[in-house]
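Q: coordinates for the following, if possible.
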Amino acid sequence: FTWASRRAISLQGLGLEVVDQVEQADFLLAHGTEAVAAAGGEEVVPASLGQMKALLSAAAERKLPMIVANPDIVTVNGDALITMPGTLARWYTEMGGEARLMGKPSGVVYEAALKMAGGGSLNNLIAVGDSLEHDIEGAAQMSISSVFVSDGIHKLDLPYLSNGHDHERVQFESELCTLSESLSVSMPTYYMDNLKW
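A: The predicted model follows:
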């Protein structure tokens, strides 16, 4: 499962053969939700989420493992939420399949970040993100401080902190707590409206 607009990711040098039939596959790789790779892996074939769900069902029957390179459920694109590979992983596990997440909330991403930073302690890291289920909960599972960016995928779930007045913060924190509890995730260490470079 890949992107149509970005084309398939390169798997060169990994010794893998890309196939386009579930019956020929040893495992599934999901990093996009717009297309499936054609045999050989050089081209992509646009596919609807319904078509992907049918492929997942066939793969679940064969008990194929699934590797999810980006486990986000949705992402923000302007004012719209775009379905991400984490949604495919959820569907797949609901069908009885096994999905291995290779990004947040899995600790592997934080361990890799620490290694890239030259080692040290997880206490020296802070995770920043807009997904309570992935960015914030992943950080909490690794005992890493977090900053929740509210102007992201949960934008419609929470009030906007336009001027930071105390009554707005109290309302925001109350609704953030309620949302976190409903998702069975940890509260962030800190929060902010948006992130600008």
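Q: please pull out the lowest mean pLDDT helix or strand from this structure.
A: Taking all helices and strands of the chain together, the one with the lowest average confidence (mean pLDDT, DSSP states H and E) is helix 107-116, at a mean of 84.
Q: ok, then the element right after it?
A: Downstream of helix 107-116, the first helix or strand assigned by DSSP states H and E is strand 126-129.
Q: other SSEs contacting that next one?
A: Judged by 3 or more CB pairs under 8 Å, 6 or more residues apart in numbering; DSSP states H and E, the packing partners of strand 126-129 are helix 137-141, strand 145-149. Bear in mind the C-beta positions are built from the backbone N, C-alpha and C, glycine included.
Q: that older thread, buried ones in the least confident helix or strand of the chain, by neighbour count?
A: When burial is assessed from 16 or more other CB atoms under 10 Å, helix 107-116 yields the following buried residues: 109-110, 114.
Q: stretch 63-82 now?
A: 64, 66-75.
Q: in helices only, show me the residues you listed.
A: With helices taken from DSSP state H, there is no overlap with the buried residues of stretch 63-82.
Q: just the residues you listed now: which is nearest Gly129?
A: Each of these was scored against Gly129 by CB to CB, and Asp72 proved nearest at 9.3 Å.
Q: pLDDT value on the residue minimising distance to the centre of the chain, please?
A: Within the chain, the residue whose C-alpha comes closest to the C-alpha centroid is Asp72; the distance, by CA atoms, centre = their mean, is 1.5 Å. According to the per-residue confidence, Asp72 scores 89 in pLDDT.
Q: all numbers from here: first residue = 579
A: With the count now opening at 579, the last piece we talked about shows up as Asp650.
Q: and the contacts of the longest helix along the chain?
A: In terms of residue count, the longest helix belonging to the chain (DSSP H) is helix 744-761. Contact with helix 744-761 is made by 710-711, 714, 726, 728, 732, 735-737, 739-740, 764-766, 769, as judged by CB atoms under 8 Å, 6 or more residues apart in numbering.
Q: same question for stretch 701-717.
A: Residues external to stretch 701-717 that are found in contact with it (CB under 8 Å, 6+ apart): 649-651, 654, 664, 681-685, 687-688, 691-692, 695, 721-732, 757-758, 761, 763-767, 773.
Q: same question, stretch 663-673
A: Outside stretch 663-673, the residues that touch it by CB under 8 Å, 6+ apart are 579, 606, 608-611, 627, 630-631, 634-635, 637-638, 644, 646-652, 676-677, 679, 712.
Q: perfect, I'm done here.
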